[in-house]
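Asks: here is the input, now give the coordinates:
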Amino acid sequence: MPESAAREFPQHSRHDQITMETTSIRLPIRNLPEHFDRTRITVVLNEIEMALMDDGGVYAQTFADSFTIKIEVPTHQLMDTASCLKGLGLI
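Replies: As a prediction, the model looks like this:
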């Protein structure tokens, strides 16, 4: 390719960050459907993450405290997330 046709791309340092808008969904643990074992909350979190990835193609991060489960998802995948969570009986 001739030099004049070559495109220049900006150089990024390793300190540059790519940001993405995320949405947090909070669900009360006490409202989990019966098929989720509330005594094994880490298993529940993994099941939610796996279902979102397998069924909806959504990469999610899940967290829990004593009362709530927090699910963080990319905002542009919110509709896929809602559909999957509805299928799981979470919303």
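Asks: what is the mean pLDDT for the helix or strand Leu27 falls within?
Replies: For Leu27, the element it lies in under DSSP states H and E is strand 22-28. In this model, strand 22-28 has an average pLDDT of 97.
Asks: cool, and stretch 47-59?
Replies: What stretch 47-59 shows for mean pLDDT is 95.
Asks: can I get it as PDB, trimmed to CA atoms?
Replies: C-alpha atoms of stretch 47-59 as PDB (Å, rounded to 0.1, in the frame of the first residue of the first chain):
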ATOM      1  CA  GLU A  47     -25.900 -19.600  38.000                       C
ATOM      2  CA  ILE A  48     -27.200 -16.100  37.200                       C
ATOM      3  CA  GLU A  49     -23.900 -15.100  35.400                       C
ATOM      4  CA  MET A  50     -23.900 -18.400  33.400                       C
ATOM      5  CA  ALA A  51     -27.500 -18.000  32.400                       C
ATOM      6  CA  LEU A  52     -27.000 -14.500  31.200                       C
ATOM      7  CA  MET A  53     -24.000 -15.500  29.200                       C
ATOM      8  CA  ASP A  54     -25.400 -18.700  27.700                       C
ATOM      9  CA  ASP A  55     -29.000 -17.500  27.100                       C
ATOM     10  CA  GLY A  56     -28.600 -13.800  26.500                       C
ATOM     11  CA  GLY A  57     -25.000 -13.400  25.400                       C
ATOM     12  CA  VAL A  58     -24.600 -10.900  28.300                       C
ATOM     13  CA  TYR A  59     -21.400 -10.600  30.200                       C
END
